[in-house]
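Engineer: Quick one, structure for this:
(one chain, ligands or ions: 1)
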Amino acid sequence: MHTPEDWKRMSTISRILSLLTAGSMMVSGALNTAAPQNDVDGPLFLVNRQWTVSEAYEPGDLTKSDVAGQVRRLRPAAAEALRDMFRACREETGLQLLSISGYRSYEKQSNIYARKLRSVKKNVAKAQEFVAPPGASEHQLGVAMDIGQKHKVNLEVSFAKTEGAKWCRENCWRFGFILRYDEPWEEITGYRYEPWHFRYVGKEYAREIHDANVPLETWLISHRAEVLRELVSGEGSADLIVPATPTDLAVPATPTDLADAVIPLPEATPTDLGAKAAD
Ligand SMILES: [Zn+2]
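Structural biologist: Here you go, the predicted model:
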């Protein structure tokens, strides 16, 4: 039998627990807002040779994109966007695009990498000229697709000369994709020119990144500065409130806390691996 005192105590405990839960949700929400490149399920998560994704990460919502080609699994928004993009290309140009390689697990990347390493007598630098080490491939996120064109040589730099590649480069942003490894960016991205590799970031960001005409690494630095400016001026504070928490507990984090908590982005400097790397 609980006394009124017991109930009161339990109510206080449950109140403290909700405060802690709300607090931690707010902090993680705020961190993701302030540092979107660190939110693994978000549209701007950054993966490259310096910033890798954990072995444990596997998207829980992979689905097959309704397009022609192989290895068609992507996360749902990317899968739909890819279908729309291929359809639009067909309607506007008559060309048939193909999916070549979408989602790739950490394990699969490890196997490909290990095979490559054996074939070059364990010369790591040489292996990485051609294959990304596990954790460093954007394909593990389920938002990247290597695109080809029917009856053309694919996964070669010469693909850039095809009508399909030209159309994708010009139009991918309309569907939420960006060309991730353009030729002038090799030293910043750490990957050689890949006219076939497209990354989904959503329509809003894709338009901005396309207009800026810079690699994702570079764009994220200016984007983060903008987000922090908005947080400091209060314009972005609505993003920090997690819905369905007791309103009297929702104390927004201060801009200073957020600025300190942000994990810095890598400087856009050449990697020691050079530019001859495939993903
Ligand atoms: Zn790729």
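Engineer: Show me the residue of the stretch 51-200 of the chain that gets nearest to the ion, please.
Structural biologist: Minimum separation of the stretch 51-200 of the chain from the ion (C-beta to the ion) falls at H197, amounting to 3.6 Å. Backbone N, C-alpha and C define where each C-beta goes, glycine included.
Engineer: Show residues contacting the one helix or strand that residue maps to.
Structural biologist: Remark: H197 resides in strand 194-200, with elements defined by DSSP states H and E. For strand 194-200, contacts defined as C-beta atoms under 8 Å, 6 or more residues apart in numbering pick out 43, 74-75, 77-78, 81-82, 100, 138, 143-148, 154-155, 157, 159-160, 165, 168-169, 172, 176-181, 191, 206, 216, 278-279.
Engineer: Can I get the buried part of these as one ChimeraX selection?
Structural biologist: Restricted to buried positions by 16 or more other C-beta atoms under 10 Å, the ChimeraX selection for these reads:
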select :43,74,75,77,78,81,82,100,138,143,144,145,146,147,148,154,155,159,160,165,168,172,176,177,178,179,180,181,191,206,216,278,279
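Engineer: Mind giving me the packing neighbours of whichever helix or strand comes after the strand holding H197?
Structural biologist: Counting by DSSP H and E, the element after strand 194-200 in chain order, helix or strand, is helix 203-212. Here helix 203-212 touches strand 177-181, helix 216-233, going by 3 or more C-beta pairs under 8 Å, 6 or more residues apart in numbering; DSSP states H and E.
Engineer: Of these, which stretch is the most buried?
Structural biologist: strand 177-181 (a mean of 24; mean count of other C-beta atoms under 10 Å).
Engineer: Let me know the angle separating it from helix 203-212.
Structural biologist: Angle, strand 177-181 to helix 203-212, by axes from the mean of the first three to the mean of the last three C-alpha atoms, to 10 degrees: 50 degrees.
Engineer: to the chain's geometric centre, what's the distance from the following helix or strand past strand 177-181?
Structural biologist: Counting by DSSP H and E, the next helix or strand C-terminal to strand 177-181 is helix 186-189. Helix 186-189 sits 17 Å away from the centroid of its parent chain (C-alpha atoms, centre = their mean, to the nearest Å).
Engineer: for stretch 151-170, same thing?
Structural biologist: 23 Å.
Engineer: same thing with stretch 211-229?
Structural biologist: Counting by C-alpha atoms, centre = their mean, stretch 211-229 comes out at 14 Å from the chain centroid.
Engineer: quick thing: my sequence starts at 498, can you match it?
Structural biologist: Okay, residue one is now 498; in that scheme the one you just asked about reads as stretch 708-726.
Engineer: Return it as CSV; C-alpha atoms alone will do.
Structural biologist: Coordinates of the C-alpha atoms in stretch 708-726 are reproduced here as CSV (Å, rounded to 0.1, in the frame of the first residue of the first chain):
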residue,chain,number,x,y,z
ASP,A,708,24.4,26.7,-56.7
ALA,A,709,27.5,27.0,-54.5
ASN,A,710,29.4,24.6,-56.9
VAL,A,711,31.7,23.4,-54.1
PRO,A,712,32.4,20.0,-52.5
LEU,A,713,30.2,18.9,-49.6
GLU,A,714,33.2,19.3,-47.3
THR,A,715,33.5,23.0,-48.2
TRP,A,716,29.8,23.7,-48.2
LEU,A,717,29.3,22.2,-44.8
ILE,A,718,31.8,24.7,-43.3
SER,A,719,29.8,27.7,-44.5
HIS,A,720,26.5,25.9,-43.7
ARG,A,721,27.6,25.3,-40.1
ALA,A,722,28.6,28.9,-39.7
GLU,A,723,25.2,30.0,-40.9
VAL,A,724,23.4,27.6,-38.6
LEU,A,725,25.4,28.8,-35.6
ARG,A,726,24.7,32.4,-36.5
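Engineer: Right, I'll call it a day here.
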